[in-house]
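Colleague: just a sequence and a predicted model for now, questions to come.
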Amino acid sequence: MSGPLSTVLAEMQAGTPTVAEIVRRSGLDDSVVRAAVDHLVRSGRVESRELSMGCPASGCGGCASATEEGAPGCGLPSPVPGRRAGLVTLTLTRR
Amino acid sequence: MAVTEQPGRALKLPLLVGPPSVKACCHTGGGIGAGPEAPVVALVGAPNTGKSTLFNALTGSRVTMGNWPGTTVEVSRGIWKTTRDAASCTCEECTCDPSELRLDITLIDLPGAYSIDPHSPDEALTRELLVGVPEDERPDLCVVACDASRLANSLYLVAQLRELGLPMMVALTMLDVAAKSGVTVDLDALAVALGCPVVGIDPRRRTGLEALAAGVREHTGIAATPRPVPDTTDALELDDDRFTWIAQAVTAATSAPAVQPRTFSDKVDRWVTAPVLGPVIFLAVMWLVFQITTAVAAPLQGFLDDLFTGPVSAGATWLLGQLGLGGTWVEGLLVSGIIAGVGMLLTFVPLMTLMFILLAVLEDSGYLARAAVVTDRLMRSIGLPGRAFLPLIVGFGCNVPAISATRILPSARQRILTALLVPFTSCTARLTVFVMLGSVFFGPYAGTAVFAMYVISIHLVVLAGFVLRRTLWRTMGAEPLIIDLPAYQVPTLRLTASVTWVRLQGFLKTASGIIVATVCAVWLLQSIPTTPGHAFGEVPVAESAYGVAAQSITPVFAPAGFAKWETTSALVVGFVAKEAVISSWAQTYAVDEPADGTPGTLGERVRADFESSSGGHPIPAALAFMVFLLAYTPCVATLAAQWREIGARWTLFGIGMQLVTAWLLAVAVFQIGRLFL
């Protein structure tokens, strides 16, 4: 098995840190790699999570992406409308 | 015929399926209105491919909207009125009336779906309609809307539909967007690669719709040869085969510039995320942040210090004197306690503001995301779970939310390990003490000294993680992680100001809440005499409950070079909050005036005590103190968070580990440092 999907998976397992780096190393078309990553996320093999960096010193309650219940908003889409897209992590899930 | 949805009422949308009704001659099928015999065309495609725009362009107002029976999925159905080209009629001697050349098609706009795998109700419905119903009830044709600018994303659905052999064709949208990024699509080559007709359209400008109509008329009801698939039940292998097919189609049909234009972000990322240069740039950037912070904020800090120790204290003393409270415990609490302690902390507001602004700018520009890549690589190199870097980075702001952020880790063992490492990250509360000691002992190199503490902090995390991973956590697996980096962007004033204000608010909240309470507690302990002959509030600090308690632990720190009770007492107070180290020093030295009556600045008094406790090696002693402060328990709030997240046993283990590590490091720093400094 050595198709684009398994190539992308192999790169992730090997620790290639960014999508752009996977494109460069695999030689695959950029759109194919991004489609493969999207598919891996949809199929549950990879977890995608938006990160909120640098929490406020006041703790989770002061965080723009904290939930209403006060739980930390780390990785949750921000409730603040119009917030810029931030860092997204993709984590490989063992299956 | 226009049917509008009535609020609160889900319209039933039975699929009007009849036998394939597009015949060779215009005399049969179709006609005015889309009756039971009208062909049914299903419009499918991934979200945001322009599918609904196309549906609206084709059907106009002839639309019914409502939930699909038995589901909550909203589906639109409309009539697509098409007209045949008379020349295409196959009657030998066509006498068709022009009105008879019309063919009305029932068009179903299925919800956006990336695939027919039932991952969502939308996809489940698409699957049910295309695969789950008997063959004679399926649509006569599937038109798959595909985004030319993200072609590969759209083609997974096409690959699945091709495996089923359904009558289908592709409507390619967003060709103009693809062209803007330098990508052109060869429609004929794509049709060959996909094995089905492809029509380029722009539903917004209503171009290509006639060609689409002609294609639909031509191919409705004509099943395609199913695409062969590997004989396997392995989902990954099947998906891989589909992506191989997709990659081949993309390669065959698209042409991008020979050299992909490198964006500004690409060019910068080549350097800032490089394995060796990336960490060096990261460290250089952080050094610059601390250097700017300490250099620019120093004059403002000095001004505020003069303000609190001068006019504010003098004004409060005068006012209390006027009220008849001069020389009483009230004056001691307010002037030597609250104003000295909290005032000293407030002198750090300009510094913290500047620091928060710089960090917010780095964050908003997208650089901190790159720093995460660098950090993540470091984490993985020692076998820590990839996602652990998030709470650890958060910890550099505040340890409390960082402990809570360990919840994102999937296993309990990972959460415990990361929660034990978080206290080694240098939070902004410790920054105030570092800056103060850096200014006192290192003068113009204060920024570098503070920066060094952050470097040591990172090394402590890595070292502690390395040791724990090879002892208590030997069996824990590591998870790979990759990051999709956002493009660099110009920081916005609004966002920078907002983030800075929220963080500054947190700092001020701590100063006005926990620190005021701690100052009062310290004042109370400093007022309680332990020897006869002193009244409450009139006892030298050394003979107060505070001083005596501090003296009892002081010998422990003799090997680290800071065995003076005035110094070590601040470490005890620092258990409550690290900012309290400064306020307690301010209180202690404000109350405990030197015998010669010349008070001197707080910095001078602190330096003098380090000088005497270290045997003439104040700089290594100060460094040892800073390292101890870095490594020991951050604050009670962090302990509470740890207790909640990982339980009492691991929290106590963490306290012990931090104290032992802090003491050993402090002793090592002093003993080695005094050989050279």
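Modeller: Nice, thanks for sending it over. Keep in mind that this is a model prediction, so the values were computed, not measured.
Colleague: now do A:V46 against B:L157, distance only.
Modeller: Counting by CB to CB, to the nearest Å, the gap between A:V46 and B:L157 amounts to 19 Å. C-beta coordinates here come from the backbone N, C-alpha and C atoms, glycine included.
Colleague: looking at these two, which has the bigger crowd around it?
Modeller: Between A:V46 and B:L157, counted using other CB atoms under 10 Å in any protein chain shown, the more crowded position is B:L157 (26 against 23).
Colleague: okay, that one: pLDDT?
Modeller: Note for B:L157: predicted pLDDT of 92.
Colleague: over to the one 10 residues further on?
Modeller: Reading off the confidence values, B:P167 has pLDDT 89.
Colleague: in space, what's closest to it - neighbours in sequence excluded?
Modeller: Among residues not flanking B:P167 along the chain, B:L141 sits closest, at 4.7 Å (CB to CB, 6 or more residues apart in numbering or on different chains).
Colleague: quickly list the domain ranges of the chain.
Modeller: Reading this off chain A. A:1-43, A:48-95 (automatic domain parsing).
Colleague: switch to chain B, that's the one I care about
Modeller: Chain B breaks down by automatic domain parsing into domains covering B:40-255, B:277-302+B:342-673.
Colleague: of the ones you listed, which shows the lowest average pLDDT?
Modeller: Among the domains of chain B, domain B:277-302+B:342-673 carries the lowest mean pLDDT, a mean of 78.
Colleague: gap between it and the chain center?
Modeller: From the chain centre to the centre of domain B:277-302+B:342-673 is a distance of 23 Å (CA atoms, centre = their mean, to the nearest Å).
Colleague: and the end-to-end length of that domain?
Modeller: End-to-end distance for domain B:277-302+B:342-673, by CA to CA, to the nearest Å: 30 Å.
Colleague: ditto for stretch B:134-153
Modeller: 29 Å.
Colleague: show me how far it is from its chain's centre.
Modeller: 36 Å.
Colleague: same question, stretch B:154-167
Modeller: Here stretch B:154-167 shows a centroid-to-chain-centroid distance of 36 Å under the convention CA atoms, centre = their mean.
Colleague: what comes up buried for that stretch?
Modeller: Buried residues in stretch B:154-167, counted by 16 or more other CB atoms under 10 Å in any protein chain shown: B:154-164, B:166-167.
Colleague: over to stretch B:444-458?
Modeller: For stretch B:444-458, by 16+ other CB under 10 Å, it's B:446-447, B:449-454, B:456-458.
Colleague: low-scoring pLDDT stretches of chain A, where are they?
Modeller: By pLDDT under 70, the low-scoring segments of chain A are A:1, A:48-95.
Colleague: just give me the longest helix of it.
Modeller: helix A:30-42 (DSSP state H).
Colleague: which residues sit against it?
Modeller: A:4-5, A:8-9, A:19, A:22-23, A:26, A:28, A:46-48, A:90, B:114-115, B:119, B:150-153, B:155-156, B:239, B:243, B:246-247, B:250, B:260, B:484 (CB atoms under 8 Å, 6 or more residues apart in numbering or on different chains).
Colleague: and those, which are buried?
Modeller: A:4-5, A:8-9, A:19, A:22-23, A:26, A:28, A:46-47, A:90, B:114-115, B:150-153, B:155-156, B:239, B:243, B:246-247, B:250, B:484.
Colleague: okay, and which of the residues you listed map to helices?
Modeller: Within those, residues falling in helices by DSSP H are A:4-5, A:8-9, A:19, A:22-23, A:26, B:151-153, B:155-156, B:239, B:243, B:246-247, B:250.
Colleague: and the gap between the residue nearest to B:P167 and chain A?
Modeller: In this view, B:L141 and chain A are 25 Å apart by CB to the nearest CB, to the nearest Å.
Colleague: likewise for B:I292?
Modeller: 17 Å.
Colleague: the closest residue to B:I222 other than its chain neighbours: what's it in contact with?
Modeller: Leaving aside its sequence neighbours, B:I222 sits nearest to B:P167 (CB to CB, 6+ apart; 5.3 Å). Going by CB under 8 Å, 6+ apart, B:P167 touches B:140-142, B:219-224.
Colleague: which of the residues you listed fall within helices?
Modeller: Counting by DSSP H, these place B:H219 in helices.
Colleague: ok, back up a step: could you give the angle of the longest helix of chain A to helix A:19-26?
Modeller: In terms of direction (axes from the mean of the first three to the mean of the last three CA atoms, to 10 degrees), helix A:30-42 departs from helix A:19-26 by 120 degrees.
Colleague: buried stuff in the helix or strand containing B:A179?
Modeller: Assessed by DSSP states H and E, B:A179 sits inside helix B:175-180. By neighbour count on 16+ other CB under 10 Å, the buried set for helix B:175-180 is B:175, B:178.
Colleague: next one: stretch B:41-48
Modeller: Buried, per 16+ other CB under 10 Å, within stretch B:41-48: B:41-46.
Colleague: export the residues you listed to TSV and tack on distance to chain A and secondary structure?
Modeller: Output for the buried residues of stretch B:41-48, formatted as TSV (distance: CB to the nearest CB, whole Å; DSSP: H, G, I helix; E, B strand; the rest coil):
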residue	distance to chain A	secondary structure
B:V41	26	strand
B:A42	21	strand
B:L43	21	strand
B:V44	16	strand
B:G45	14	strand
B:A46	10	coil
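Colleague: count the neighbours of the residue nearest to B:R162 when sequence neighbours are not counted for me.
Modeller: Nearest residue to B:R162, sequence neighbours excluded (CB to CB, 6+ apart): B:R227, at 4.2 Å. Residues near B:R227, counting by other CB under 10 Å, number 19.
Colleague: contact partners for B:R227?
Modeller: Listed by CB under 8 Å, 6+ apart, the contact set of B:R227 reads B:159, B:162-163, B:195, B:245.
Colleague: now with 7 Å?
Modeller: Residues near B:R227 by CB atoms under 7 Å, 6 or more residues apart in numbering or on different chains: B:162-163, B:195.
Colleague: make CSV from these and add secondary structure and distance to B:E579 to it.
Modeller: Formatted as CSV, those follow (DSSP: H, G, I helix; E, B strand; the rest coil; distance: CB to CB, whole Å):
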residue, secondary structure, distance to B:E579
B:R162, helix, 65
B:E163, helix, 64
B:G195, coil, 69
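Colleague: number of residues surrounding residue 38?
Modeller: This is for chain A. A:D38 has 19 neighbouring residues, counting by other CB under 10 Å.
Colleague: nope, chain B
Modeller: As a measure of burial, B:A38 has 24 neighbours, counting by other CB under 10 Å.
Colleague: that one reaches B:I105, doesn't it?
Modeller: Yes. In this structure B:A38 lies within contact range of B:I105 using CB atoms under 7 Å: 6.1 Å.
Colleague: in the stretch 201-350 of chain B, which residue sits closest to chain A?
Modeller: Residue nearest to chain A within the stretch 201-350 of chain B (CB to the nearest CB): B:D240, separated by 3.5 Å.
Colleague: hmm, that residue is touching A:S2, no?
Modeller: No. Look at B:D240 against A:S2 with CB under 7 Å: they stay out of range, at 8.0 Å.
Colleague: between these two, which has more neighbouring residues?
Modeller: Legend: neighbour count by other CB under 10 Å for B:D240 and A:S2, higher for B:D240 (23 against 9).
Colleague: apart from its chain neighbours, what residue comes closest to the more buried one?
Modeller: Distance criterion CB to CB, 6+ apart; nearest residue to B:D240, sequence neighbours excluded, is A:G3 at 3.5 Å.
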